[in-house]
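Participant: quick one, fold the following:
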Amino acid sequence: VRIGKAAGGPTTFKVEASMMEIYNERVRDLFNPHNPKNDAGLKVRENPKTGPYVDGLALMPVRDYAHIDHLMEEGTKARTVASTQMNATSSRAHTIFTIILTQTTTNESTMKVMDRVSKVNLVDLAGSERANSTGASGDRLKEGAAINKSLSALGDCVQSLVSKSKHVPFRNS
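Facilitator: Alright, predicted model coming up:
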């Protein structure tokens, strides 16, 4: 609602959203679950000015909160879940829902355009699991190992950041 009321004049606003999951070390687009690139995993790239991004990830324009809620529900339906002895619908992947807010201001005297961009990442990490507790075998065991490996890598990154280490092992997962 506020997005539409604020639009117009020298300042405009744009809101977009994306939703992905990291499943067995592969990035999948949850807004476009039938994308053939999901099978091999979308590529994570780095832009020197804007930072990391996922090549080919769907970015959906958003009208209001109800639209965000709808997109999140639709993406959630495409998540990878499976039954274990501990949970009938256990999430088997880490999920990231991103909201991108862009404020564009035009200086009316110079016609210079300036964008201010903010990103909000809502992250749902798959839980760490002990193979014995879940009764996992086969694919569930492989998934659990990937989950535990990535959570351990995340812990190493957080520890490096907290201790102000010169090297943060972002690429260890």
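
Participant: and stretch 69-82, which residues are buried?
Facilitator: 71-72, 75-76, 78-80 (16 or more other C-beta atoms under 10 Å). C-beta here means a position set from N, CA and C on the backbone, and glycine is covered the same way.

Participant: would you turn those residues into CSV with secondary structure and pLDDT?
Facilitator: Formatted as CSV, those follow (DSSP: H, G, I helix; E, B strand; the rest coil; pLDDT from 0 to 100):
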residue, secondary structure, pLDDT
L71, helix, 96
M72, helix, 95
G75, helix, 94
T76, helix, 91
A78, coil, 88
R79, coil, 85
T80, coil, 80
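
Participant: per-residue pLDDT, the nearest residue to L125 once chain neighbours are set aside?
Facilitator: Among residues not flanking L125 along the chain, H94 sits closest, at 5.1 Å (C-beta to C-beta, 6 or more residues apart in numbering). What the model reports for H94 is a pLDDT of 85.

Participant: how many residues are close by H94?
Facilitator: Neighbours of H94 under the rule other C-beta atoms under 10 Å: 20.

Participant: helix/strand/coil for the residue of the chain positioned farthest from its centre?
Facilitator: Computed with C-alpha atoms, centre = their mean, the residue of the chain farthest from its C-alpha average is S109, at 38.9 Å. When classified by DSSP: H, G, I helix; E, B strand; the rest coil, S109 comes out as coil.

Participant: tell me the contacts of it?
Facilitator: Listed by C-beta atoms under 8 Å, 6 or more residues apart in numbering, S109 has no contact partners.

Participant: just checking, what packs against the host helix or strand of S152?
Facilitator: Per DSSP states H and E, S152 falls inside helix 139-162. Using 3 or more C-beta pairs under 8 Å, 6 or more residues apart in numbering; DSSP states H and E, the elements in contact with helix 139-162 are strand 11-23, strand 81-82, helix 131-134.
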